[in-house]
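> Output the structure for:
(one chain, ligands or ions: 1)
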Amino acid sequence: MGYLFLLPQYPKVAWKTVVLNTTLHPRFKFILWLAVQNRLTTVDRLLKIGIVVPTDCAFCATTRETFDHLFFGCCVTRSVWNRLLAWLGCARTVGSWPDELTWACQIAKRKNGKSSIAAYCFAMTVYIIWRERNNLRFKQGYFDAAKIYWEIALHIHIRGNGIQLWQNALLSLNSIP
Ligand SMILES: [Zn+2]
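Numbers count the residues shown, from 1 in each chain. Here you go, the predicted model:
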């Protein structure tokens, strides 16, 4: 597994706030932890270690899948994250993976409900994109963005029930993204 050490890694301090968020569901935490260390098995990584797989992005089918394409170069995943940001009341344009990760780390440090929910949503979105990508690739599933928005909104409200800091911000998230 020595090759792993050749891959670029973000310094621990940069992402620990968002990954080590204590409210974060363990499933989301694990996938985000792999993503920040560039350890998700995207096509570019598989090819590097000699594993040949279909190369097209499972979402748009027009470009070779790379980590940077999935997060968030792809028109489909970018539009999902864009829409979620609008729902969260975060007026900003979706950038590259390092841009989004840096942003998520910055807001994860803030002690207000809106920022805390947005950082949580970022982690959940990374998890869902990876899950849906695997669904499309290995289970011949289909991608239904509307279902994802419902899933995220419901999860945030159910999870948020027990989080005092989120209460006021949850009131303004009274719609589906
Ligand atoms: Zn794509």
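> pull the helix or strand with minimum mean pLDDT from this protein.
When each helix and strand of the chain is scored by mean pLDDT, DSSP states H and E, helix 12-19 comes last, with a mean of 67.
> Name the next helix or strand downstream of that helix, please.
helix 26-36 (DSSP states H and E).
> Okay, buried residues for the following helix or strand past that next one please.
Sequence order places helix 43-48 as the next helix or strand after helix 26-36, per DSSP H and E. Neighbour counts over helix 43-48 (16 or more other C-beta atoms under 10 Å) mark 43-45 as buried. For glycine as for every other residue, the C-beta is placed from the backbone atoms N, C-alpha and C.
> Let me have the residues you listed in a markdown table, extended by pLDDT.
Formatted as a markdown table, the buried residues of helix 43-48 follow (pLDDT from 0 to 100):
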| residue | pLDDT |
| --- | --- |
| Val43 | 94 |
| Asp44 | 92 |
| Arg45 | 91 |
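> Within range of the ion, give me the residues from this structure.
Proximity of the chain to the ion, by C-beta under 5 Å from the ion, involves residues 57, 59-60, 74.
> And those, which is closest to Glu100?
Relative to Glu100, the closest of the residues of the chain next to the ion is Cys74; by C-beta to C-beta it sits at 12.9 Å.
> residue contacts, that closest one?
For Cys74, the contact set (C-beta atoms under 8 Å, 6 or more residues apart in numbering) comprises 57, 59-60, 63.
> pLDDT score assigned to it?
Note for Cys74: predicted pLDDT of 98.
> sorry, back to before: in ChimeraX, select just the buried ones from the residues of the chain next to the ion.
In ChimeraX, this line selects whichever of these come out buried by 16+ other C-beta under 10 Å:
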select :57,59,74
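> Just put the residues of the chain next to the ion in TSV and tack on secondary structure.
TSV is the format used below for the residues of the chain next to the ion (DSSP: H, G, I helix; E, B strand; the rest coil):
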residue	secondary structure
Cys57	coil
Phe59	coil
Cys60	coil
Cys74	coil
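> any chance of the residues of the chain next to the ion in TSV, plus distance to Asn112?
Shown next, in TSV, are those (distance: C-beta to C-beta, whole Å):
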residue	distance to Asn112
Cys57	36
Phe59	33
Cys60	35
Cys74	31
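> tell me the angle the longest helix seen in the chain makes with helix 26-36.
Counting residues, the longest helix found in the chain (DSSP state H) is helix 113-138. With axes from the mean of the first three to the mean of the last three C-alpha atoms, to 10 degrees defining the directions, helix 113-138 sits at 80 degrees from helix 26-36.
> Which strands or helices does the next helix or strand after helix 113-138 pack on?
Once the chain leaves helix 113-138, the next helix or strand it forms, by DSSP H and E, is helix 145-160. Contacts defined by 3 or more C-beta pairs under 8 Å, 6 or more residues apart in numbering; DSSP states H and E place helix 145-160 against helix 75-88, helix 113-138, helix 167-172.
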